[in-house]
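J.: need a structure here:
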Amino acid sequence: MSKLVSAFLIGGLFGLGIAVSGMINPAKVLNFFDIAGTWDPSLIFVMGGGLAVAFIGYRLVFGRREAPVFESAFALPTKRAIDWQLVGGAAVFGIGWGIAGFCPGASIPALGLGYPATAVFVAAVIAGVVVARFARMRLARPAAA
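T.: Next comes the predicted model:
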């Protein structure tokens, strides 16, 4: 139960941060990409603040703890190679973010605004995850002889 409460509180804090920073407004994000027009540099400060907090948090947690509070071990990525899946996923993420003005994390708190476009975006993200998982399973299977 504590794990669920912790996840709820941390998710709520993230959503509050996204809302306060204005990142639930796709126009604000799209204006960041409009360098020749109505450029809004505030996204740089939001990302920089997030990076600073994450850097300090990682240093504190990994320097003092052997395992997370609610798990037996940290779940860290072991793969270090830059492959087509990483580059392709990053490209799809970036293109989707640039077109829609939402990243998946910011779209969830933005659902609370009740805009139909946000629900369409979240549905498209879910569909993309399903299609990607299906494609990965198909590519991982050896061809039938």
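J.: so residue 120, which of the three states?
T.: helix (DSSP: H, G, I helix; E, B strand; the rest coil).
J.: tell me how many other residues surround it.
T.: 11 (other C-beta atoms under 10 Å). All C-beta atoms are positioned from the backbone trio N, CA, C, and that covers glycine.
J.: next secondary structure after the strand or helix carrying residue 59?
T.: In the assignment (DSSP states H and E), residue 59 maps to helix 42-64. Remark: after helix 42-64, the chain's next helix or strand is helix 84-100, criterion DSSP H and E.
J.: for that following helix, buried residues please.
T.: By neighbour count on 16 or more other C-beta atoms under 10 Å, the buried set for helix 84-100 is 96, 97, 100.
J.: ok, back up a step: any idea of the mean pLDDT in the helix holding residue 59?
T.: Mean pLDDT, computed over helix 42-64, is 90.
J.: contact partners of it?
T.: Applying C-beta atoms under 8 Å, 6 or more residues apart in numbering, the external contacts of helix 42-64 come out as 21, 22, 23, 28, 29, 32, 68, 74.
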